[in-house]
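[1] coords below, sequence missing:
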Ligand code: MG
């Protein structure tokens, strides 16, 4: 099989990865770090990197492969962890989904009903002017380690779905008063926010794992490199005798190799994209892809 070049540019990052036969040959990434309080946006980076991909495909006379970003995360996690048929918890700035493979699709069993968990964390960080360097989520994680007070926050789980927008509105509304009065510190707020949203994620993952009788849970997406989330999921998994498959920021956070790996699987099973019909969309759901490379 040939080497596949994966190009990723869906938000504030640009990545280029090379994969051949399940081996990551190269995977550099650059992150655009905005000043506190500013957001990066998504449409322009997507269109730009897609233009680069089309140009290179024509310049080099190579097939173009339009890769679903969510499927890229799943295939990278499966490769790195050697997970065969895991239940997937996919948590990032744009997505929050519990996914299981069935009949040639990655089926979404549960998901956020409004904003993604990463978006909830990012917007909270923006409101409190927490630094975006290296990422707002990383800084919340470090601050949370110093939190001592667990504040009660809205906890919204409906079956296998979760909702974060009410929690976000609530914490944004009460934070100024709590901080001004000294009732809570920024560290307490970060701690409480993380504990609450991660408990919601662990609850729905446990419920889905029980229903699917999954032997493995795979954690992917940018929020997946949070060590507190890994610890909480790990506690649930070990109580159930499930293997937890998690990776670090090299493969959890958006990167080129994950696009290359999903592209490699597509190419292997005969999928290519007609350049004239290629495009980008922010609404390309995980379950729209026919997974032709798995039985
Ligand atoms: Mg992503």
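    Perfect, I can see it now. Treat the numbers as computed from the prediction; the structure is a model and nothing was measured.

[2] got the residues of the stretch 101-250 of the chain near the ion?
    By the rule C-beta under 5 Å from the ion, no part of the stretch 101-250 of the chain lies against the ion. To be clear about C-beta, it is placed using only N, CA and C from the backbone, and glycine gets the same treatment.

[3] what ranges do the strands span in the stretch 101-250 of the chain?
    105-111, 156-158, 161-163, 216-220, 243-246 (DSSP state E, counting those that start in this stretch).

[4] and the third one, what does it pack onto?
    In other words, strand 161-163. The contact analysis (3 or more C-beta pairs under 8 Å, 6 or more residues apart in numbering; DSSP states H and E) places strand 161-163 against strand 105-111, helix 186-212.

[5] which of the strands of the stretch 101-250 of the chain sits most buried?
    Of all those, strand 216-220 has the most neighbours on average by mean count of other C-beta atoms under 10 Å, namely a mean of 26.

[6] residue contacts, residue 28?
    For residue 28, the contact set (C-beta atoms under 8 Å, 6 or more residues apart in numbering) comprises 15-17, 256.

[7] Also residue 29?
    8, 13-16, 253-256.

[8] Just grab the bridge partners of residue 24 for me.
    On the basis of DSSP bridges, residue 24 is bridged to residue 19.

[9] show me what contacts it?
    Neighbours of residue 24 in contact, by C-beta under 8 Å, 6+ apart: 17-18, 257, 260-261.

[10] ok, now which ones touch residue 267?
    Contacts for residue 267 (C-beta under 8 Å, 6+ apart) come out as 1-2, 4, 63, 65.

[11] again but with residue 7, I slipped
    Residues near residue 7 by C-beta under 8 Å, 6+ apart: 14-16, 49, 52-53, 56, 256, 259.

[12] Hmm, residue 121 is touching residue 193, no?
    Yes - between residue 121 and residue 193 there is a contact at 7.2 Å, judged by C-beta atoms under 8 Å.

[13] got any residues that touch both of those two?
    With C-beta under 8 Å, 6+ apart as the test, residue 121 and residue 193 both reach residue 140.

[14] Let's see which of the contacts of residue 24 end up in helices.
    Under the assignment DSSP state H, the contacts of residue 24 contribute 257, 260-261 to helices.

[15] Can I get those residues in JSON lines including neighbour count and pLDDT?
    Shown next, in JSON lines, are the ones in helices among the contacts of residue 24 (neighbours: other C-beta atoms under 10 Å; pLDDT from 0 to 100):
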{"residue": "257", "neighbour count": "31", "pLDDT": "98"}
{"residue": "260", "neighbour count": "31", "pLDDT": "98"}
{"residue": "261", "neighbour count": "30", "pLDDT": "98"}
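
[16] circling back: and the contacts of residue 267, which is closest to the ion?
    Of all these, residue 65 has the smallest distance to the ion: 17.4 Å, by C-beta to the ion.

[17] follow-up on the earlier one: most neighbours of all the contacts of residue 267, which one?
    residue 4 (26 neighbours; other C-beta atoms under 10 Å).

[18] mind checking how far that residue is from residue 210?
    37 Å (C-beta to C-beta, to the nearest Å).

[19] Then residue 134?
    Computed with C-beta to C-beta, the distance linking residue 134 and residue 210 is 36 Å.

[20] cool, and residue 196?
    From residue 196 to residue 210 the distance is 22 Å (C-beta to C-beta).

[21] These two - which one has more neighbours?
    Using other C-beta under 10 Å as the criterion, residue 196 and residue 210 rank with residue 196 on top: 19 against 12.
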